[in-house]
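sequence below, structure please.
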Amino acid sequence: MKFGAHVSIAGGVFNAPANAAELGCEVFQIFTRSPQGGAAPILTKEILTKFSQNMKEFNMARVYVHAPYYLNLASGRKTVRSSTARIVREDLERASLLNAKALMFHIGSAKDVTQEKAEQFVVEGLNKILDGYSGTTQLLIEDSAGAGMIMGDTFEEIARFISKSERGKEIGVCLDTQHSFASGYDWRTKKDVDQTIKHFDKTIGLKHLTVFHANDSMTEFGSHKDRHEHIGQGLIGGDGFKYIVNHPKLKDIDLILETPYADGGVIEDMKTLKEFRK
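Here you go, the predicted structure:
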């Protein structure tokens, strides 16, 4: 198990490995475009070469890419769904150029359609994203905290998306500890961790689990609120992460921190995870 964090690409995506090294990362996660919108910067041959060189120079094992936040495969508007599928496919292709292991994205909200229709739209969107795709980066569905009509907050729902998709065997999952905790999946004790992993394996299958987002929670269990906290300072607590880090079935799964960045606490979070691994 290796640890990382979401890092900045300010000044160019090739700066990300150095930024990751400063935080003590062994792997890391980035956006390749603005998460709020706008055209994606071109990844030239020169940029890609420099990125690859810096991956080696700063001893980074893997890179993951996060798609923008404004996507919605479950929208009642066809233009939104089509745009979402196009952007996720673009980011998959871009991530493949960077030799990224996986690209995760949030499904979106079904606020203007029925649950049944939304699930149909999501499956159609996944099929469209992967139609003809031959890149090396894996597509991941990230679970959600489930506020309102946000999709993907239960393992059962994610399992249906994967099983009904034409290329579902290729789709993986990014499991966020805070999102899942807010959705009613407990991580606080060894028993909780064992039960949650067992439930995931029974419904989705551990073969689909590619990476964790390791975040403690500011909000209570089952709150359906997306609020990240530093490791050991939230309502999941340090013991839960210690059990996750040392769980025998998770030893090959990377953990990516998305804890608050501005206060400098990510470095301490990284040290904490490494202590747990010892």
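
same for the helix ranked longest in the chain, what does it pack against?
Ordering each helix of the chain by length in residues (DSSP state H) puts helix 78-97 first. Packed against helix 78-97 by the contact rule (3 or more CB pairs under 8 Å, 6 or more residues apart in numbering; DSSP states H and E) you find strand 62-66, strand 102-106, helix 115-130. The C-beta positions use only the backbone N, C-alpha and C, and glycine is treated the same way.

how about the residue nearest to Ser75 when sequence neighbours are not counted, what does it touch?
Closest residue to Ser75 apart from its sequence neighbours, by CB to CB, 6 or more residues apart in numbering: Arg81 at 5.4 Å. Arg81 sits next to 72-75, 121, 124-125 when contact means CB atoms under 8 Å, 6 or more residues apart in numbering.

switch to 6 Å and redo it
Going by CB atoms under 6 Å, 6 or more residues apart in numbering, Arg81 touches 73, 75, 121, 125.

how about residues contacting stretch 49-65?
By CB under 6 Å, 6+ apart, the list of residues contacting stretch 49-65 reads 2, 13-14, 17-18, 20-21, 26-29, 32, 95, 100-103.

now render the helices and strands packed on helix 78-97 as a markdown table, adding mean neighbour count.
As requested, the helices and strands packed on helix 78-97 are arranged in a markdown table below (neighbours: other CB atoms under 10 Å):
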| stretch | mean neighbour count |
| --- | --- |
| strand 62-66 | 24 |
| strand 102-106 | 25 |
| helix 115-130 | 19 |
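
nearest to Lys202, out of those?
The closest of the helices and strands packed on helix 78-97 to Lys202 is helix 115-130. By CB to CB, the value is 20.1 Å.

output that closest one as CSV - backbone C-alpha positions only.
Only the C-alpha atoms of helix 115-130 are listed here, as CSV (Å, rounded to 0.1, in the frame of the first residue of the first chain):
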residue,chain,number,x,y,z
GLN,A,115,-34.3,6.9,-10.0
GLU,A,116,-35.0,4.4,-12.7
LYS,A,117,-34.4,6.8,-15.5
ALA,A,118,-31.3,8.2,-13.9
GLU,A,119,-29.8,4.8,-13.6
GLN,A,120,-30.6,4.2,-17.3
PHE,A,121,-28.9,7.4,-18.2
VAL,A,122,-25.8,6.5,-16.2
VAL,A,123,-25.4,3.2,-17.9
GLU,A,124,-25.9,4.7,-21.3
GLY,A,125,-23.3,7.3,-20.4
LEU,A,126,-20.7,4.7,-19.2
ASN,A,127,-21.2,2.8,-22.5
LYS,A,128,-20.7,6.0,-24.5
ILE,A,129,-17.6,7.0,-22.5
LEU,A,130,-15.9,3.6,-23.1
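
mean confidence score for the helix or strand that comes right after that helix?
Using DSSP states H and E, the helix or strand that follows helix 115-130 in sequence is strand 138-142. Per-residue pLDDT over strand 138-142 has a mean of 98.
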